[in-house]
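Visitor: Structure of the sequence below:
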Amino acid sequence: MTVVATFFAAPLTSLNPTIGAGFVAAGVELYMRKPKVRDFSSLRHDVTQLKGWWQNRVSRTLLVFILATLGSAVGTWVAGFRIAGALFGG
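Guide: This is a model prediction of the structure:
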């Protein structure tokens, strides 16, 4: 669900700087997997292991936000350079 929502939001969010694809992805992730008190309690321990980043709902939301933001930024820059190259004959 998060991937689908981010897929459709990414083209729109690259045109509007007030909301990013990472915000949409994190919002959907929070809606689908609401963090519990135990997730906050075990956060310090869980982030010491790679597997814990994906199992803890708080750190998972942070990862989804960061990775979606990076993916959208890379896509925007790549597409921007390709469009500029086509316009200016590069």
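
Visitor: in the helix or strand hosting residue 73, what's buried?
Guide: Element membership for residue 73, per DSSP states H and E: helix 57-88. Buried residues in helix 57-88, counted by 16 or more other Cβ atoms under 10 Å: 57-65, 68-69, 72, 76. Placement of C-beta: from N, CA and C, glycine included.

Visitor: same question for the helix or strand where residue 4 lies, mean pLDDT?
Guide: Assessed by DSSP H and E, residue 4 sits inside helix 2-15. The pLDDT scores in helix 2-15 average 86.

Visitor: my read: residue 57 touches residue 38, true?
Guide: No: using Cβ atoms under 8 Å as the test, residue 57 is too far from residue 38 to be in contact (9.4 Å).

Visitor: of the buried residues of helix 57-88, closest to residue 86?
Guide: If you rank these by distance to residue 86 using Cβ to Cβ, residue 76 comes first, at 15.8 Å.

Visitor: Spatially nearest residue to the residue sitting nearest the centre point of the chain (excluding sequence neighbours)?
Guide: Central residue of the chain (Cα atoms, centre = their mean): residue 68, 2.4 Å from the mean position. Distance criterion Cβ to Cβ, 6 or more residues apart in numbering; nearest residue to residue 68, sequence neighbours excluded, is residue 25 at 3.7 Å.

Visitor: Can you get me a residue count around that neighbour?
Guide: Residues near residue 25, counting by other Cβ atoms under 10 Å, number 28.

Visitor: Residue 56 now?
Guide: Residue 56 sits with 25 neighbouring residues when counted by other Cβ under 10 Å.

Visitor: Contact partners for it?
Guide: Residue 56 makes contact with 39, 42-43, 46-47, according to Cβ atoms under 8 Å, 6 or more residues apart in numbering.

Visitor: Touching, residue 46 and residue 60? I think so.
Guide: No: Residue 46 lies out of contact with residue 60 (Cβ under 8 Å); the separation is 9.5 Å.

Visitor: what sits in contact with each of these two?
Guide: By Cβ under 8 Å, 6+ apart, the residues touching both residue 46 and residue 60 are residue 53.

Visitor: How about the contacts made by the residue nearest to residue 68?
Guide: Going by Cβ under 8 Å, 6+ apart, residue 25 touches 2, 5-6, 9, 64-65, 68.
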